[in-house]
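Engineer: I would like to see how this sequence folds:
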Amino acid sequence: MIRENSRRLTASIILGALLAGPGTLVAQTSPPGAGKQTVPPVAAKKATSHTKPIASAPLELEPKALEILKATGARLAAAHTLSFTAVETFESLSRQGVPLVLANKYEVTLQRPDKLRVIIAGDGPTSEFYDDGKLAMAFAPAENLVAVADAPPTIDATLEAIYHRAAIYFPFTDLIVSNPYGDLAPGLRHAYYVGQSVAFGGTTTDIVAYAGDGVFVQVAVGTEDRLPRVVHAIYLNDPDRLRHNLFLSDWQIDAPVSAEAFTSAKAAGAKKIEFAHPHPQPPPGAEPPAKSRPTASGAAPQSK
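Structural biologist: Predicted structure coming up:
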């Protein structure tokens, strides 16, 4: 349920120009003049050895795999309220050229058709997002800054708007849209059933692998409840084949949710700024801006 486009390559959300959060944990690069690193002999031998490429399996859409994906999409789409915890881990190349693993934790509550709350903590400052059906707020508690805008009439429309307007993207977006399987199906090129596992919280899960739109995904969903527990993704156009993982737990389906859950007095009282894209496109014909000196994170400083 993860599709290939530019937002899929961003594993943590960026709250417009106001956050210096998980998005600043970018790949490190070697400083100028750094010495050449030594490759261990065994690794060097493996790197130079000639191996026979593995033949790709023919593309197919197994009915059993599609049945599981459809059932999961239907279960999520039918829920009036949803809450769950999502722990995201993703790889980013270090200065040695091997992956670092970064992580974020999301506490998610939604009420269809138009209410959403996401509390984010992890490898960076905590951030919060609220949509009460009238206003959408992206809040950075450490800076006491909040971006506020009128909310579109549905969660799907809000997710689309904040992505285009401020590059805000959640790694579980494909699970909370109104029609998860309907969004996934047009791009599917390959899907097959892998087997069962009891490795995830003692719940028996069915594992399905699928590919399409430039991404390969392995998902484990509850055999009985059809709720996703783990999603692994690799983007096929990424030459480093870095891994993106999502671990889902604490599912609550159609539990009562207070209206106060989708707003925050503290956020509403913070200093207001505009939603803004972290990398805005200049207008046609405009002169390119002077290059800013990067910050320690590797990102150019943003105007607040």
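Engineer: Point out the other helices and strands that the longest helix along the chain packs with.
Structural biologist: In the chain, with assignment by DSSP state H, the single longest helix is helix 63-78. Using 3 or more C-beta pairs under 8 Å, 6 or more residues apart in numbering; DSSP states H and E, the elements in contact with helix 63-78 are helix 180-184, strand 188-200, strand 203-212, strand 215-222. (Glycine included, C-beta is placed from N, CA and C.)
Engineer: let's see 7 Å
Structural biologist: helix 180-184, strand 188-200, strand 203-212 (3 or more C-beta pairs under 7 Å, 6 or more residues apart in numbering; DSSP states H and E).
Engineer: tell me which residues in that helix are buried?
Structural biologist: For helix 63-78, a neighbour-count test (16 or more other C-beta atoms under 10 Å) marks 65-66, 68-70, 72-73, 75-76 as buried.
Engineer: Likewise for stretch 234-250?
Structural biologist: Buried, per 16+ other C-beta under 10 Å, within stretch 234-250: 234-235, 242, 244-248.
Engineer: which residues touch stretch 194-201?
Structural biologist: 204-209, 220, 223, 229-230, 249 (C-beta atoms under 7 Å, 6 or more residues apart in numbering).
Engineer: which of those sit farthest apart?
Structural biologist: Spatial extent of the contacts of stretch 194-201 (C-beta to C-beta) is set by the pair 209 and 249 at 21.5 Å.
Engineer: Would you mind pulling the contact partners of the longest helix of the chain?
Structural biologist: By C-beta under 7 Å, 6+ apart, helix 63-78 touches 175, 178-181, 184, 191-193, 206, 208, 210, 221, 226-228.
Engineer: out of those, which are buried?
Structural biologist: Taking 16+ other C-beta under 10 Å as the criterion, what is buried in the contacts of helix 63-78 is 175, 180-181, 184, 191-193, 206, 208, 210, 221, 226-228.
Engineer: related to what we said a few turns ago, of all the helices and strands packed on helix 63-78, which one is nearest residue 280?
Structural biologist: Residue 280 lies closest, by C-beta to C-beta, to one member of these: helix 180-184, at 27.3 Å.
Engineer: nearest residue to residue 154 other than its sequence neighbours?
Structural biologist: Closest residue to residue 154 apart from its sequence neighbours, by C-beta to C-beta, 6 or more residues apart in numbering: residue 113 at 5.0 Å.
Engineer: Over to stretch 238-257 now: how far is its first residue from its last?
Structural biologist: 40 Å (C-alpha to C-alpha, to the nearest Å).
Engineer: show me what contacts residue 222?
Structural biologist: 203, 205, 229.
Engineer: For the residue lying closest to residue 181 once chain neighbours are set aside, give me the pLDDT.
Structural biologist: Excluding the flanking residues, the one nearest residue 181 by C-beta to C-beta, 6+ apart is residue 73, at 2.8 Å. On the pLDDT scale, residue 73 is placed at 98.
Engineer: Give me the local confidence score for residue 158.
Structural biologist: 97.
Engineer: hmm, back to that, list the first helix or strand encountered after the longest helix of the chain toward the C-terminus.
Structural biologist: Sequence-wise, the next helix or strand downstream of helix 63-78 (DSSP states H and E) is strand 81-93.
Engineer: That next one pairs with which strands, and in what direction?
Structural biologist: Within its sheet, strand 81-93 is paired with strand 99-111 (antiparallel), strand 243-253 (antiparallel), according to DSSP bridges.
Engineer: Mind putting those strands into CSV with distance to residue 61?
Structural biologist: Output for these, formatted as CSV (distance: least, C-beta to C-beta, whole Å):
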stretch, distance to residue 61
strand 99-111, 30
strand 243-253, 23
